[in-house]
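Asker: my questions are about this predicted structure, shown below with the sequence.
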Number of protein chains: 2
Amino acid sequence: MSLTVIGTLAYDTIETAHDKREEILGGSAVYFALASSLFTETSLVGVVGEDFSEEHVQAMRAAGINLDGLEIAEGKTFRWSGRYEPDWNTRHTLDTQLNVLEHFDPKVPEGQRDAKFVFLANASPQVQARGLDQVQDPKFVMMDTMNLWIDIAKDELLALLGRVDAIVLNDEEARMLTGEDNLWTAAAAVRALGPSLVVLKKGEHGAFLLAEDWRFVVPAYPVVDVVDPTGAGDSFAGGFMGHVASSGAASPEVLRQAMLYGTAAASRCVEAFSTEQLEGRSLEEVQARRLELIQMITP
Amino acid sequence: MSLTVIGTLAYDTIETAHDKREEILGGSAVYFALASSLFTETSLVGVVGEDFSEEHVQAMRAAGINLDGLEIAEGKTFRWSGRYEPDWNTRHTLDTQLNVLEHFDPKVPEGQRDAKFVFLANASPQVQARGLDQVQDPKFVMMDTMNLWIDIAKDELLALLGRVDAIVLNDEEARMLTGEDNLWTAAAAVRALGPSLVVLKKGEHGAFLLAEDWRFVVPAYPVVDVVDPTGAGDSFAGGFMGHVASSGAASPEVLRQAMLYGTAAASRCVEAFSTEQLEGRSLEEVQARRLELIQMITP
């Protein structure tokens, strides 16, 4: 079934302990859609500047992403620059240039307003809410967020939490949002704020899903050579939502498999800079990793 | 089948963010044997001082632990004192008084020298080796270690690694022993030093087992109210080895279940100070947690 992602497109400059890349394709909606489009047609709603390369537009189209909702605005594309510590767990933002993102007002194309599955990728809760306002009667809405919004737009974030079915967030964000140190307690506290499903990501330690009366834990796929973790969370969400949307419903069985698909997609993403390991991939490759994960966790 | 543990008995003084206890029963062999004796008769080889309480001897006997190998030496029982940070992940040793442990020379009783399953709990690799020397033709030997021995007795530790079937160690110890940051790479490097099975513990993030051509990952049981993590690793090893010994062989199927039993036993241990949550427990209670874990990880 139809899947729409509303989020950012970016040019990232990234430093790791081993390497550096400048002005490479990134952004939450880009990583998400490259992963989710392996499963189902994905429509992207976002904004870029006039400097956004035609090559990158073509790469996304080649992956099967519908770009009717891609706005080209006057000015420059959003830039983000960051540096990872050798352990990958600590990330320092070196520079952020909002550029066209500063006045981003998502416009869901007329033909996509009946989307049944919606992912609100990381953006301000106000932008996320304005995007969601344009979708009539969605079946399953999942959102992401980040520390910045918990810090500066908590009221808007809490209001949005009452409107979504699911949220995906990382350990640090869950603790910051709820004040709870224990991650299971934190996830339960997030559920109490609205979403019936909470997916909590723990980086190299995997992720878990907390629902009303069941839970599911999945380890990270054992990637030996991490090159760049940027986009791992968005690729996870893309694999997760891609499987849910292609299944047509968010049953417990589908959601458990979605956790495995998300984990498999994220493991691909981190093996190269930018979107290299997601572009031109097939669902079969993600399937193979999902099966490996199943072998690793089946008693 | 017969299971023997060689390790320490201690009186611990423990501070957490919420509470403090002085001179409570502890020690690697005590935690191990209380967990393993739920599964199979366990013989303990260790030393205490003349001050060791008869009440604690009786408590271990009541749990079904064979204490023929418990030596009562002149002097005082080993003391350890530590403090946990509120996140439980950081532990500061405040004081260590070796006392009778200083000249500990394990003596495996004549009738136990044919033990088939042996656990060398945390002690100096020299002491561990002298204990192992006394067991004729064991079927499955697992060892533990700690940072201190990696630091001050690495040669002896490496020699011992060539004599055991399995090792259980935590993330920090694995990184320190191998110089590898990635935990899967570190576990593979530990395997290359001798043991065909490496169990790597990650505290609240669970544990994994690496064998020659398979691996198994298990999350921690979601304990909401951690009271005192002391002994969690030894209880894990006790549940693990207890199941392996009671099964009579270390097949992949048995080892996968052993990971779940270890996790279930450790989760009990951390819910109270000292050995309170392990004493007087039944295998049924550990079984119940194992079944909950299976529900959490089955896709």
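Answerer: Structure's in. What do you need?
Asker: okay, CA-based contacts and neighbour counts for the rest of this
Answerer: Fine.
Asker: tell me how far the helix or strand encompassing residue A:45 lies from the chain's centre.
Answerer: Element membership for residue A:45, per DSSP states H and E: strand A:42-48. Relative to its chain's centre, strand A:42-48 lies at 13 Å (Cα atoms, centre = their mean, to the nearest Å).
Asker: which strands or helices does it pack on?
Answerer: On a contact count with 3 or more Cα pairs under 8 Å, 6 or more residues apart in numbering or on different chains; DSSP states H and E, strand A:42-48 meets strand A:3-6, helix A:28-36, strand A:65-72.
Asker: dump the second one to PDB, restricted to CA.
Answerer: As requested, C-alpha coordinates have been extracted for helix A:28-36 and formatted as PDB (Å, rounded to 0.1, in the frame of the first residue of the first chain):
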ATOM      1  CA  SER A  28      16.200  11.700   6.900                       C
ATOM      2  CA  ALA A  29      13.700  11.300   4.000                       C
ATOM      3  CA  VAL A  30      16.400  10.300   1.600                       C
ATOM      4  CA  TYR A  31      17.700   7.400   3.700                       C
ATOM      5  CA  PHE A  32      14.200   6.400   4.700                       C
ATOM      6  CA  ALA A  33      12.900   6.300   1.100                       C
ATOM      7  CA  LEU A  34      15.900   4.500  -0.300                       C
ATOM      8  CA  ALA A  35      15.300   1.700   2.200                       C
ATOM      9  CA  SER A  36      11.400   1.700   2.100                       C
END
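Asker: specify the beta-bridge partners of the residue of the stretch 101-250 of chain A found nearest chain B.
Answerer: Distance from chain B to each residue of the stretch 101-250 of chain A (Cα to the nearest Cα) is smallest for residue A:216, at 4.6 Å. Under DSSP bridges, the beta-bridge partners of residue A:216 are residue A:209.
Asker: quick one, what contacts it?
Answerer: A:208, A:209, A:210, A:256, B:295, B:296, B:297, B:298, B:299 (Cα atoms under 8 Å, 6 or more residues apart in numbering or on different chains).
Asker: what does residue A:190 give?
Answerer: Going by Cα under 8 Å, 6+ apart, the list of residues near residue A:190 reads A:174, A:177, A:178, A:198.
Asker: residue A:138 against residue A:112, yeah?
Answerer: No. Using Cα atoms under 8 Å, residue A:138 is not in contact with residue A:112, being 10.8 Å away.
Asker: neighbour count: the two, which is higher?
Answerer: residue A:112 (19 against 15; other Cα atoms under 10 Å in any protein chain shown).
Asker: quick one, what contacts the more buried one?
Answerer: A:4, A:43, A:135.
Asker: save those residues as a markdown table, and put in pLDDT and neighbour count too.
Answerer: A markdown table is the format used below for those (pLDDT from 0 to 100; neighbours: other Cα atoms under 10 Å in any protein chain shown):
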| residue | pLDDT | neighbour count |
| --- | --- | --- |
| A:4 | 98 | 30 |
| A:43 | 98 | 27 |
| A:135 | 97 | 19 |
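Asker: that older thread, closest one to chain B among the helices and strands packed on strand A:42-48?
Answerer: Checking the helices and strands packed on strand A:42-48 against chain B by Cα to the nearest Cα gives helix A:28-36 as the closest, at 20.1 Å.
Asker: grab the nearest non-local neighbour of residue A:299.
Answerer: residue B:256 (5.4 Å; Cα to Cα, 6 or more residues apart in numbering or on different chains).
Asker: quick one, phi psi at residue A:145?
Answerer: phi -150, psi -170 (degrees, to the nearest 10).
Asker: that one contacts residue A:122, doesn't it?
Answerer: Yes. With contact defined as Cα under 8 Å, residue A:145 counts as touching residue A:122 (4.9 Å).
Asker: so what's the closest residue to chain B within the stretch 1-150 of chain A up against?
Answerer: Closest residue of the stretch 1-150 of chain A to chain B, Cα to the nearest Cα: residue A:87 (7.3 Å). By Cα under 8 Å, 6+ apart, the residues touching residue A:87 are residue B:181.
Asker: tell me the secondary structure for it?
Answerer: Following DSSP: H, G, I helix; E, B strand; the rest coil, we place residue A:87 in the coil state.
Asker: one step back: please convert the helices and strands packed on strand A:42-48 to CSV, extending it with distance to residue B:83.
Answerer: Shown next, in CSV, are these (distance: least, Cα to Cα, whole Å):
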stretch, distance to residue B:83
strand A:3-6, 47
helix A:28-36, 42
strand A:65-72, 54
